[in-house]
Each structure stands twice: as C-alpha cells, then as structure tokens.
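> okay, here's the prediction I keep looking at, along with the sequence it came from:
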Amino acid sequence: MKWFREAKFGLFIHWGLYCIPAGEWKGQPIAGIGEWIMNRAKIPVTEYEQLAKQFNPVKFDPDAWAQMAQDAGMKYLVITSKHHDGFAMYHSTVSKYNVFDATPFHRDVIKELSAACARHGIRFGVYYSQAQDWHEPNGAGNTWDFGPDEKKDYDQYLRSKSEPQVRELLTQYGPICLIWFDTPRMMSGEQSGRAQRFVDIARELQPNTLLDGRLGIKGDYRSMGDNAIPNTVVNEDWEVPATLNHTWGFKKDDTDWKTPEDLTFKLVDIVSKGGNYLLNVGPTSEGIIPQASQDNLRAVGRWLKVNGEAVYGAGPTPFGEELGAVDNSTHDKKGNPGFKIAKDWRCTTKPGKLYIHLFTWPGASFELAKVKGKVTKAYFLADAHHSSLKLRQKDDKVTVSLPAKAPGETASVMVLETK
Ligand code: H79
C-alpha cells in the first residue's frame, strides 16, 4: 500500500471498441455513458463485434500517453484491459475477441502501454470487468442476446474466460500495480467464493498487486462510487474514480469538461479526506486523448509542480469544519439529509506541517482555530524563498497576515510548520 498512499493521483483510461460509435448508433444518439452503448442500444453481439474490423487507431502513441500522465503529475495509470463489452485490449490466447487477433491494428495495447509506463516511471494497472461480459453467452449482463443471468452457466464463463484472462494479465505484462475490478454481479455475499478465486490467482501470481474494492469481497482499499467524493474524512485507504466530462469511453458529443480549477479543487478535497483521485480519459478511435482532456490535466500538473509537496504522501485534515456541513433543508436520492460543501480552503498534512490550500483568498489575514501545538513558521509553497509570513498564536488560535494578492493563480498553499 505504500506507493498507493504516496501516489494520490492516477490516470484512468477507458479505451475499447465503443470509442468507434462514440455515443451514436445507426444515426441515433444513445443516451448515457459511452462504453455502455452496446447495452443501452441492445446491440446484438453479431453486430457489435463487427466494430473490431474497423479498429485501427494508427495515432496511438503509448509514450505520449505516459508522458501526459507524467505531465499531469499522475503516479499510476489504469487502463481497461476488458470492459463489459468483453473485448480484450491485449493479445489474449483465451479469446480471439481481442485487439491483436480481431482488428487490422494487430497490436497489443496493454503490452505497449505497460512498457511505456515503465519507461516513464508510472505504475501500471489494469481494469478488468470480471463479472459482466456482454460477448459471452454465460457472462453476466447480456440479456438481450442470451436471456436472464439466473439461467446462465456463470461459472463456466468465469472458469473459461475471466479467470484465465486475469492470469494472462498477471503473467505477460510485468508488474501490475493494481487490478481494478468492477460491478461484482453474482460474486458477493453468499457467492463471494467466486471473488475469492480471483484473490487466489492474484496472490499466487503477483502478491504485490493491489485489488480494488469492487471484486465482490474486501479488496486492499475501498473504492468509492463513480464520481462519488465523500463529504467527510474517511479513515481507511480509498480511491474515487472520476470523469473529466460525463462519459468514460469517448463520446463525441460530451464536451462538458470540468475546469482545471475544479479538478485541482477535487484533487485537494480528496487528499484532505484521505483518498486517491483516479481521473479518466477516453481516447478516440484514432488513438488520441481529447485535447481538452490533455489541456486540463496538464494545467493540474503545473499546479502540482509548485504545490505537489502538499499532495503526494499527504494525510487528511485534522480539522473538518472547513469541508462543509449537513444541510437538513435538502435531501439526496435516498432521502438522507443533504450536505452543503464549503470550498474556501482545505488542509492536508505531513508530520510537523499543515498545508492550507486557499481556494478563496481570505483577505488581509487567515484565521485558524483548534490548532494542536505551536506554529513556528508560515510561508507559501509558491514563494521560492519561503519568506516567513507574520504570525500570531493565542492558545489554539492562529492568525497569519497575508499579502494583498495570492502568490499563485489557483489555490495558493500556505505551509504552517508546527511543533
Ligand atoms: O467503467 C465505468 C463504468 O462503465 C462502470 N464503472 C466505471 C468505472 C460502470 N458499470 N456499471 N456502472 C458503472 C453503473 C451503470 C450505470 C448506468 Fe445505466 C449505465 C447508468 C446508465 C448507463 C445501466 C444501464 C443502468 C442504467 C442503464
């Protein structure tokens, strides 16, 4: 877990045949997330698998992708080796329905990208849809071709495709930092023996590979829901997978991009609550990561170049009131009271240091209550000289005098050294 706790920020990549229709089937826009198009449009296997013959992303440049992750300040990368559509993005001997055997591209994406990541010092992990496989008669999820899941020989699918493909991924691509399982249908609770088989395979082949929280039984860390950032500190290892727009797999009409400022806030917000941020891109059928995704991620990377000390390996806030408050006048979908998130500042920590990330410039001074110990020095990370700011402390209350203008463009980080 050591590297995971240090890393904090990773790149998720959803790439598969769904990037070709890109959200449109037979001239009709299909609502929802792009990689679900086969399910949402109830496309028969015999039609969907024809997409493989068109898959030829000649602009795919694995080193450029790894370089972009590095520019963004990301420390690990997780790519879909097989999503729910069942199509493997690597040269599998278990099923010919894969990018090497079934496409004119005839290249092993997982092999090339894992090698590029190794060259760039980025840890490499794979997403693998262990339960849903819409291509297989006995896989979960495809009811439009194969009928209800309850009538399937699910273990036949697990034993003949899912488990052996996970074995391939763990033996042919060097160190796999983690496996990102998803949607554990029919493999949790009383059926968790099935999930346990994947644990056994992983521990046998690569005992250092982390397992996410969506296998069906407890993994090595907790996975939050898609785009679901918790409201408060969560005192265990956790990660939130998230999108830059709305879809995961490329969709041509989804251009509703989160801004660099919002992404930076979310990263800091997550770290201040103890988690990791796994942020997704959906490359096109040419093999290009959309320019807006690249631009916005690189902007976060520029902020991290200055302020990364307050993110990598940093722990959660010792305060909590800055995160917001329960709001009984609103309710969520489940009827629970809402939460009004506050966004003025966040705090991350390292031994002897409090990092105060100022998203709203507080004016002439910043006041902090409930500080443990004595603050001995205050300065901004954006100030290369680390010039001391004027500082007063009365009991647990600290007041720092601030310059008229923030030293950074987004979220200036103030360090409070404490004893
Ligand atoms: O890989 C990404 C998603 O495809 C996957 N998890 C992230 C990381 C995921 N699998 N299932 N879900 C997310 C939940 C799916 C919900 C929905 Fe739908 C899919 C809502 C709209 C499309 C299924 C089909 C439920 C309603 C219609």
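It's in. Everything numeric here is computed off the predicted structure, so don't read it as measured data.

> run a quick neighbour tally on the spatially closest residue to residue 43 that is not a sequence neighbour.
Nearest residue to residue 43, sequence neighbours excluded (C-beta to C-beta, 6 or more residues apart in numbering): residue 25, at 6.6 Å. In short, each C-beta sits where N, CA and C put it, glycine included. Using other C-beta atoms under 10 Å, residue 25 is surrounded by 17 other residues.

> what of residue 37?
Residue 37 has 27 nearby residues by other C-beta under 10 Å.

> residue contacts, it?
Residues in contact with residue 37, defined by C-beta atoms under 8 Å, 6 or more residues apart in numbering, are 18, 21, 23, 25, 30, 43, 249.

> narrow the residues you listed to those in strands?
Using DSSP state E, the members of the contacts of residue 37 that fall within strands are residue 25.

> just to check, the residue nearest to residue 43 is in contact with residue 41?
Yes - the pair formed by residue 25 and residue 41 meets the contact definition of C-beta atoms under 8 Å, at 4.5 Å.

> of the contacts of residue 37, closest to the ligand?
Nearest to the ligand among the contacts of residue 37 is residue 249, at 7.4 Å by C-beta to the nearest ligand atom.

> right, and that closest one touches residue 19 too?
Yes - with contact defined as C-beta under 8 Å, residue 249 counts as touching residue 19 (5.8 Å).

> please name the bridge partners of the residue nearest to residue 43.
residue 28 (DSSP bridges).

> pLDDT score for the closest residue to residue 124 other than its chain neighbours?
Nearest residue to residue 124 in three dimensions, chain neighbours excluded: residue 117, at 4.2 Å (C-beta to C-beta, 6+ apart). With respect to pLDDT, residue 117 has a value of 98.

> what are the buried residues along the helix or strand containing residue 117?
Per DSSP states H and E: residue 117 is located in helix 109-120. Buried residues in helix 109-120, defined by neighbour count with 16 or more other C-beta atoms under 10 Å: 109-117, 120.

> residue 214: neighbour count?
Residue 214, neighbours per other C-beta under 10 Å, totals 21.

> actually residue 329, not the one I wrote
Using other C-beta under 10 Å: residue 329 sits among 7 other residues.

> residues contacting the closest residue to the ligand within the stretch 1-150 of the chain?
Nearest to the ligand, among the residues of the stretch 1-150 of the chain, is residue 32, at 3.9 Å (C-beta to the nearest ligand atom). Going by C-beta under 8 Å, 6+ apart, residue 32 touches residue 40.

> A helix includes residue 304, no?
Yes - assigned with DSSP: H, G, I helix; E, B strand; the rest coil, residue 304 falls within a helix.

> go ahead and confirm it touches residue 73.
Yes - the pair residue 304 / residue 73 is scored as a contact, 3.5 Å apart, by C-beta under 8 Å.

> which strand or helix spans residue 328?
Going by DSSP H and E, residue 328 is part of strand 324-331.

> quick one, helices of the stretch 51-200 of the chain?
62-71, 109-120, 143-146, 154-157, 163-172, 192-205 (DSSP state H, counting those that start in this stretch).

> in the stretch 301-419 of the chain, which residue sits closest to the ligand?
residue 333 (13.2 Å).

> next up, phi/psi of residue 354, please.
With angles defined as degrees, to the nearest 10, residue 354 sits at phi -110, psi 130.

> same check on residue 94?
phi -80, psi -40.

> from what I see, residue 293 and residue 244 are in contact.
Yes - the pair residue 293 / residue 244 is scored as a contact, 5.2 Å apart, by C-beta under 8 Å.

> mind listing the shared neighbours of these two?
257, 281.

> contact residues of the stretch 101-250 of the chain facing the ligand?
By C-beta under 6 Å from any ligand atom, the residues of the stretch 101-250 of the chain that approach the ligand are 182-183, 226, 241, 248.

> for the residue nearest the centre of the chain, give the beta-bridge partners.
The structure's the chain has its C-alpha centroid closest to residue 278; by C-alpha atoms, centre = their mean the separation is 1.7 Å. Beta bridges link residue 278 to residue 10, residue 241 when assigned by DSSP bridges.

> please verify my assumption that it contacts residue 240.
Yes - using C-beta under 8 Å, residue 278 is in contact with residue 240, at 6.9 Å.

> how many neighbours does residue 338 have?
By other C-beta under 10 Å, neighbour count at residue 338 equals 14.

> which strands and helices sit next to the helix or strand it falls within?
Per DSSP H and E, residue 338 falls inside strand 337-341. If you count contacts as 3 or more C-beta pairs under 8 Å, 6 or more residues apart in numbering; DSSP states H and E, strand 337-341 packs onto strand 324-331.

> which outside residues touch the strand it packs on?
By C-beta under 8 Å, 6+ apart, strand 324-331 touches 231, 337-342.

> can you redo those as a markdown table with pLDDT?
Compiled in a markdown table, the contacts of strand 324-331 are given as follows (pLDDT from 0 to 100):
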| residue | pLDDT |
| --- | --- |
| 231 | 97 |
| 337 | 92 |
| 338 | 93 |
| 339 | 95 |
| 340 | 96 |
| 341 | 97 |
| 342 | 97 |
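
> which of the residues you listed sits closest to residue 376?
The nearest member of these to residue 376, counting by C-beta to C-beta, is residue 342 at 27.8 Å.

> tell me how many other residues surround the nearest residue to the closest one once chain neighbours are set aside.
Leaving aside its sequence neighbours, residue 342 sits nearest to residue 324 (C-beta to C-beta, 6+ apart; 4.2 Å). Residue 324: 15 surrounding residues under other C-beta under 10 Å.
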